[in-house]
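S.K.: Next come a sequence and a model predicted from it.
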Amino acid sequence: MSGVSQTEASALSRLDLESIVADTAELIRARGENPGETEAATVEVLTSLCERAGAQVTLTEVAPGRHNLLAELGGGDGPALLFLGHSDVVPAGVGWLGDPFEPRLVDGMLIGRGAVDMKGGLAAVVAAMSAVHAERPEVRLALLCTVDEEDTATGALRYIADAPTALAVSDDEEIARYSACIVAEPTGLDTVVACRGATNFIITLRGAAAHAGNPADGASAVAAAAIAVQAIEDDARRIAQQSAAVPGLIGTGSWNVGMIAGGHGTSIVAEECTLYVDRRVLPDEEPERILEDVLTRIRAAIAGSGMLNSERITVAGHLDMAMPGFLTPPDSVVPAAAVQAVADAGGSSSIGGWSAACEGGFIARHHEIPVVILGPGDVKSQAHQPEERVRTDELLVAARAYALIALRLAEASR
């Protein structure tokens, strides 16, 4: 870490691996499975950790027992650096060698549900905020921890519905609330500058019920749904052949029909069938336009299919959830600072893109600030799986990197 200043070195000396691991373990024990539980215990633990670091904590109720947390530090005048995380975890499921919510240390890995996604990232952020505040109390920092990220993003949606984008510094002057955002999701310490969004559509096909012995008297919504699925698959192939939106970072959009529900029995021509569909979107795509386009394609496919009584089929759809993507220019200030910070913290980081989705897109769109994802652990090989684990040395490197990013961005803005 020869590239760090005296102030930076002093801040880094305050970061202790044992404490970060202990905080991560405490957050894991707080559970927060979603769906199925609330995040209340996790938010309680995180509140305690943030207040111990000297932060002012504000809780906003999103639903009973479910609160967004905003922790703020620093007495300066400029915009704050925002860290973003979430308090829920996916259900533990089966296949564990021990209690998934009783963390275990094995060969330098901390094992437990949420270790990598993303209790470890949260613990590293709080440790970094505390270290920076102790050295430079004027540097403004914030941690937003939302509920329900793993399901329908109600926490993020509530945040952007309420959150101001600027702060008043006098009667006639405002400043931006935040300067940049670091999402502490697991990236293996790589710096992710491009991320696809996730959109869920519910598409309902309605026909006419009839006795199965007289199918000509009805119009099968299930048969129409089969045609609709094929139309969606055809569109998936079409967009897969398009040029990558950001070559080397993110590719194209994609479709997945995740669930189908319809009909009431084998002896009844189905009058209704519903498709539950995932569409991964590029940063500049609009979900409403995508829905309009796919409904047009489905209606045309049914009309031209030759299915029995196709004219009696109606197709409707609505947007159930939309999490936008984002793109931060790879050669801009924040990604460069992140890559260098990881290197100076004892790790290595490359610029990359993410095929998954995260809530950083909400922040990028609402606050119009640069966003990167940077965190300990690997989302592909370690998250959402039995024996979920994170390397403890990555927790420490992440905390060091977060502290360096905060100090350097603050220094650059002076």
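M.R.: Structure's in. What do you need?

S.K.: tell me which residues in the strand or helix carrying Val342 are buried?
M.R.: Element membership of Val342, judged by DSSP states H and E, is helix 333-344. Of the residues in helix 333-344, Val333, Val334, Pro335, Ala337, Ala338, Val339, Gln340, Ala341, Val342, Ala343, Asp344 count as buried by neighbour count, 16 or more other CB atoms under 10 Å. Glycine gets a C-beta too; all of them are placed from N, C-alpha and C.

S.K.: could those go into JSON lines alongside pLDDT and distance to Ser13?
M.R.: Converted to JSON lines, the buried residues of helix 333-344 look like this (pLDDT from 0 to 100; distance: CB to CB, whole Å):
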{"residue": "Val333", "pLDDT": "97", "distance to Ser13": "26"}
{"residue": "Val334", "pLDDT": "98", "distance to Ser13": "25"}
{"residue": "Pro335", "pLDDT": "98", "distance to Ser13": "27"}
{"residue": "Ala337", "pLDDT": "98", "distance to Ser13": "21"}
{"residue": "Ala338", "pLDDT": "99", "distance to Ser13": "21"}
{"residue": "Val339", "pLDDT": "98", "distance to Ser13": "23"}
{"residue": "Gln340", "pLDDT": "98", "distance to Ser13": "19"}
{"residue": "Ala341", "pLDDT": "98", "distance to Ser13": "16"}
{"residue": "Val342", "pLDDT": "99", "distance to Ser13": "18"}
{"residue": "Ala343", "pLDDT": "98", "distance to Ser13": "18"}
{"residue": "Asp344", "pLDDT": "98", "distance to Ser13": "14"}
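
S.K.: Mind jotting down where the strands sit in the stretch 251-400 of the chain?
M.R.: 254-262, 268-269, 272-281, 314-323, 326-327, 351-354, 371-373, 389-391 (DSSP state E, counting those that start in this stretch).

S.K.: To Asp172, which of those strands lies closest?
M.R.: Judged by CB to CB, the one of the strands of the stretch 251-400 of the chain that comes nearest to Asp172 is strand 371-373, at 29.7 Å.

S.K.: just the strands in the stretch 101-250 of the chain please.
M.R.: Using DSSP E, counting those that start in this stretch, strands in the stretch 101-250 of the chain cover 104-106, 109-111, 141-146, 166-170, 173-176, 178-183, 191-195, 197-206, 210-211.

S.K.: circling back: the strands of the stretch 251-400 of the chain into CSV, with extra columns for mean neighbour count, distance to Thr187 and mean pLDDT?
M.R.: Shown next, in CSV, are the strands of the stretch 251-400 of the chain (neighbours: other CB atoms under 10 Å; distance: least, CB to CB, whole Å; pLDDT from 0 to 100):
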stretch, mean neighbour count, distance to Thr187, mean pLDDT
strand 254-262, 14, 20, 97
strand 268-269, 20, 50, 98
strand 272-281, 20, 18, 98
strand 314-323, 16, 17, 96
strand 326-327, 24, 14, 96
strand 351-354, 20, 7, 94
strand 371-373, 29, 5, 98
strand 389-391, 26, 12, 98
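
S.K.: just to revisit the earlier point, any idea which of the strands of the stretch 101-250 of the chain is most buried?
M.R.: For those, average neighbour numbers computed from mean count of other CB atoms under 10 Å are highest in strand 191-195, which has a mean of 28.

S.K.: now that strand against strand 314-323, angle please.
M.R.: Relative orientation of strand 191-195 and strand 314-323, computed by axes from the mean of the first three to the mean of the last three CA atoms, to 10 degrees: 160 degrees.

S.K.: Which elements pack onto strand 191-195?
M.R.: strand 326-327, helix 333-344, strand 351-354, strand 371-373 (3 or more CB pairs under 8 Å, 6 or more residues apart in numbering; DSSP states H and E).

S.K.: Contacts made by the longest one with the rest, please.
M.R.: Going back to what we said before, that points to helix 333-344. The contact list for helix 333-344, computed with CB atoms under 8 Å, 6 or more residues apart in numbering, reads 1, 3-4, 8, 180, 182, 189, 191, 193, 328-329, 348-351, 370, 372, 374, 397, 400-402, 404-405, 408-409, 412.

S.K.: Make a PyMOL selection of the buried ones in those residues.
M.R.: The following PyMOL line selects those of these that are buried, judged by 16+ other CB under 10 Å:
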select buried, resi 4+8+180+182+189+191+193+328+349+351+370+372+374+397+400+401+402+404+405+408+409
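
S.K.: before we move on, back to that, can you say which of the strands of the stretch 101-250 of the chain is nearest to Gly251?
M.R.: Set against Gly251 and scored by CB to CB, these come closest in strand 191-195, at 10.1 Å.

S.K.: Ser267 touches Ala212, doesn't it?
M.R.: Yes. Shown here, Ser267 and Ala212 form a contact pair, counting by CB atoms under 8 Å, at 4.5 Å.

S.K.: More neighbours: the two, which one.
M.R.: Using other CB atoms under 10 Å as the criterion, Ser267 and Ala212 rank with Ala212 on top: 13 against 8.

S.K.: Mind listing what's buried along stretch 69-80?
M.R.: Using 16+ other CB under 10 Å as the test for burial, stretch 69-80 gives Leu69, Leu70, Ala71, Glu72, Leu73, Gly74, Gly78, Pro79, Ala80.

S.K.: How far away from the center of its chain is it?
M.R.: Distance, stretch centre to chain centre, for stretch 69-80: 22 Å (CA atoms, centre = their mean, to the nearest Å).

S.K.: and the gap between the residue minimising distance to the centre of the chain and Glu173?
M.R.: Of all residues in the chain, the one closest to the mean position by CA atoms, centre = their mean is Cys358, 2.1 Å from it. Computed as CB to CB, to the nearest Å, the Cys358 to Glu173 distance reads 33 Å.
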